[in-house]
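**Q** generate a structure from the sequence data that follows.
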Amino acid sequence: MVIIALIGIIAYSQIEETFSPALIGQDNNSLRKPIFIPLDEDNPIKVGILHSLSGTMAISENSVVDATLLAIDEINERGGLLGRKLVPIVEDGRSDWPTFATKAKKLIVEDEVSAVFGGWTSASRKTMMPVFEEYNHLLFYPVQYEGLEQSANIVYTGAAPNQQVLPAVNWAFENLGTKFFLVGSDYVFPRAANTIIKERINEIGGQVVGEEYRLLGESDFVEIVDKITKTKPDVILNTINGDSNIGFFNELRKKGIEPETIPTISFSIAEDEIRNLGANSMAGDYAAWNYFQSIDLPENKVFVQNFKNKFGPHRVTDDPMEAGYIGVYLFAKAVEKGNSDEVNTIREAVKGITFVAPEGIVGVDPKTQHLSKEVRVGQILEDGQFKIVYSSEEPIHPIPYPKYKSEQDWNKFLDELYNRWGQSWANPGP
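**A** Okay, here's the model as predicted:
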């Protein structure tokens with residue numbers, strides 16, 4: 001037992017090459033208790049966790065907090081970082097974008113954290129970004145997004161467009177049909193992602209037969225589903241976020257639109273949302289991500305088991321949760337590599353780091369601070385899990401700015417959205 005534990009501690013010192021922190025103590029598919037290592041309680045490394053614990057996005061973000069806390073607990077159980085305990089400070093962004101900026105400033109200025117892990121919507125990230133740039137601090141952002149951005153103050157652990165939406169469009173065109181209907185929440189991610197998607201559909205010879213948006217938190221999708229019924233697309237591409245998906249999928253089924261007739265590919269629905277929305281109304285449809293709980297890798301099996309052991313056997317893991325989890329380990333590796341929890345040292349040390357994560361091998365691109373990631377499309381099963389129907393099989397290098405416009409033109413496009421919504425990254429409504 002002592003020999004196994006010592007090997008585990010040595011392996012943790014080599015996390016530059018392996019996923020050993022999650023594997024320590026594994027034996028015949030059961031997890032042993034880690035060795036107790038005294039930590040410096042008087043000089044902790046403080047980190048911030050900033051997600052929506054309330055409001056329309058809480059359905060998605062609460063579980064990312066849990067996965068982030070799991071990684072922190074694992075690291076503490078195995079000796080902390082530099083002999084110091086990781087201490088999380090959790091704040092609620094309340095699904096309100098100005099609140100995210102306020103809370104980010106609090107974590108940086110008052111709590112003096114070494115990094116912040118958080119944000120889901122691009123509206124929240126874009127509202128926080130000026131704060132991190134003003135204070136020269138560091139955000140680990142865990143969700144796929146529309147791209148069109150790179151900041152020295154953000155490590156993007158979710159997918160860029162060429163690592164999710166564009167491969168999904170290609171797969172759908174080849175396997176499901178050529179006519180597409182686009183539906184999304186009315187904020188920067190769906191608007192920008194659908195602009196990119198339309199360019200790709202036009203490039204490959206497909207057709208967009210409809211494009212509709214509703215405010216975040218909206219529940220009435222009668223008019224949109226009526227348009228889907230009339231236009232008869234082959235595929236629905238869904239960038240609706242949060243609990244609005246309940247109203248959307250309920251209306252689809254009410255109007256007789258089933259996966260067998262018009263399938264939906266979602267870009268912001270994963271296992272945890274399905275657990276809350278109900279798999280019975282979504283089975284047969286699709287989602288595109290980099291990670292699914294059903295991935296058959298030993299690192300993933302340990303991640304899933306650890307999560308269920310901590311939070312309950314009924315819980316599931318999903319892509320943003322896994323991206324939040326690996327963000328903590330990338331931070332840990334950077335702290336160990338730089339032998340410091342100072343922000344500038346971490347930012348330099350994290351560049352080029354590779355990691356064998358639950359989803360497979362990922363690596364931080366030194367130029368863009370996005371990860372190389374494998375792309376997957378999954379079909380929703382009746383138990384709420386995914387059958388993987390497509391995989392790139394190799395990590396794809398991130399391209400934040402798609403080729404269809406210059407970086408200058410993409411920035412002009414974003415500025416127009418921001419000004420249209422009254423200096424906001426989401427439509428504020430009437």
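
**Q** what residues of stretch 54-68 count as buried?
**A** 55-68 (16 or more other Cβ atoms under 10 Å). Backbone N, C-alpha and C define where each C-beta goes, glycine included.

**Q** actually stretch 172-191, sorry about that
**A** Those would be 172-173, 176, 179-191, for stretch 172-191 by 16+ other Cβ under 10 Å.

**Q** tell me which of those fall in helices.
**A** The helices, defined by DSSP state H, take in Ala172, Phe173, Val188, Phe189, Pro190, Arg191 from those.

**Q** residues near the residue nearest to Asp66 when sequence neighbours are not counted, how many?
**A** The shortest distance from Asp66 to any non-neighbouring residue, by Cβ to Cβ, 6 or more residues apart in numbering, is to Phe311 (5.5 Å). A count of nearby residues for Phe311, using other Cβ atoms under 10 Å, gives 16.

**Q** one more: Asn43?
**A** When counting by other Cβ under 10 Å, one arrives at 10 neighbours for Asn43.

**Q** check which helix or strand it maps to.
**A** strand 40-51 (DSSP states H and E).

**Q** which neighbouring elements make contact with that strand?
**A** Helices and strands touching strand 40-51, by 3 or more Cβ pairs under 8 Å, 6 or more residues apart in numbering; DSSP states H and E, are helix 58-77, strand 84-92, helix 97-105, strand 116-118, helix 319-338.

**Q** how far does stretch 259-274 sit from its chain's centre?
**A** Relative to the chain's own centre, stretch 259-274 is displaced by 16 Å; criterion: Cα atoms, centre = their mean, to the nearest Å.

**Q** one step back: from Arg78, how far out is the residue nearest to Asp66?
**A** Distance from Phe311 to Arg78, counting by Cβ to Cβ, to the nearest Å: 19 Å.

**Q** now Ser54
**A** 33 Å.

**Q** hey, where'd the helices end up in the stretch 201-350 of the chain?
**A** Along the stretch 201-350 of the chain, counting by DSSP state H, counting those that start in this stretch, helices occupy 222-231, 244-254, 271-277, 298-311, 319-338, 343-350.

**Q** does the spatially most central residue of the chain belong to a helix, a strand or coil?
**A** Taking Cα atoms, centre = their mean, the centroid of the chain lies closest to Val143, which sits 2.3 Å from it. Using DSSP: H, G, I helix; E, B strand; the rest coil, the structure places Val143 in coil.

**Q** show me where the stretch 101-250 of the chain has its strands.
**A** Counting by DSSP state E, counting those that start in this stretch, the stretch 101-250 of the chain has strands at residues 116-118, 139-141, 154-156, 179-185, 207-214, 235-239.

**Q** on contacts alone, who are the packing partners of the longest one?
**A** Just to be clear, that refers to strand 207-214. Other helices and strands packing on strand 207-214, by 3+ Cβ pairs under 8 Å, 6+ apart, are strand 179-185, helix 188-204, helix 222-231.

**Q** contacts for the first one?
**A** For strand 179-185, the external contacting residues (Cβ atoms under 8 Å, 6 or more residues apart in numbering) are 169, 172, 190-191, 193-194, 197-198, 201, 206-216, 218, 221, 224, 227-228, 231-242, 244, 248.
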